[in-house]
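>>> Pasting a predicted model and its sequence here:
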Amino acid sequence: MSNIQYHGDGRTTQSCIDAVQRILQFGGYISLARLLTCKNRHAFFLTIDEYQNIIIQAGFASGYGGEAPKGLARVIQLIRFHGVKLEEIDVPQKVFRRIDCCKLRDKDLKQIEETPFKRPVSLYDYVLEVGELADTDLMSYYKCAIP
């Protein structure tokens, strides 16, 4: 098994949004965010401080109206708002099933890291499906924190 942390619950979009917000707010420097795509389902692979890998479960979707596509658009906007490099890659269904079960193998991790980024970029299409938020609206997604 790979040394990966799994955050969020793939059955609920909000838990995945909350996980990304916690990491952005308190979790260290995200050097790269990858949107993992399998058909119309999505998860995130975050590299923190160049050495720590985190999977945000597949609580996101695209291609229809609903909470999962809205959540995907919001998280993409939050990641971009923080200046994190975000790329998308297509992931085979068998790898995505292992993400769902929190059982990625070293071989899967290597495959994800070596897969070329998707071109043309469709990240903006996911945001356009539900609409872009202003920076002040993005900040309202964060809960108040006492330093």
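Everything's here; your move. Residues are numbered from 1 along each chain as shown.

>>> Run through the helices of this structure in chain order.
All helices of the chain, identified by DSSP state H, fall at 13-26, 67-81, 93-100, 106-114, 123-130, 135-139.

>>> Quickly, which of the ones you listed bottoms out on average pLDDT?
If you rank those by mean pLDDT, helix 135-139 sits at the bottom with a mean of 55.

>>> Spatially, what comes nearest to the residue most central in space within the chain if we skip its sequence neighbours?
Nearest to the centroid of the C-alpha atoms of the chain, with distances taken as CA atoms, centre = their mean, sits Phe44, at 2.7 Å. Counting by CB to CB, 6 or more residues apart in numbering, Ile56 is the residue found nearest to Phe44 once chain neighbours are left out, at 3.9 Å. The way it works is simple: take the backbone N, C-alpha and C, and place the C-beta from them, glycine included.

>>> Tell me how many other residues surround that neighbour.
Applying other CB atoms under 10 Å, we find 28 other residues in the vicinity of Ile56.

>>> Out of the helices of the chain, which is closest to Asn40?
Comparing the helices of the chain against Asn40 with CB to CB, the closest turns out to be helix 67-81 (8.7 Å).

>>> tilt between that closest one and helix 13-26?
Here helix 67-81 runs at 10 degrees with respect to helix 13-26, directions being taken by axes from the mean of the first three to the mean of the last three CA atoms, to 10 degrees.

>>> Who are the packing partners of helix 67-81?
Using 3 or more CB pairs under 8 Å, 6 or more residues apart in numbering; DSSP states H and E as the contact criterion, the elements in contact with helix 67-81 are helix 13-26, strand 30-38, strand 52-61, strand 86-90, helix 123-130, helix 135-139.
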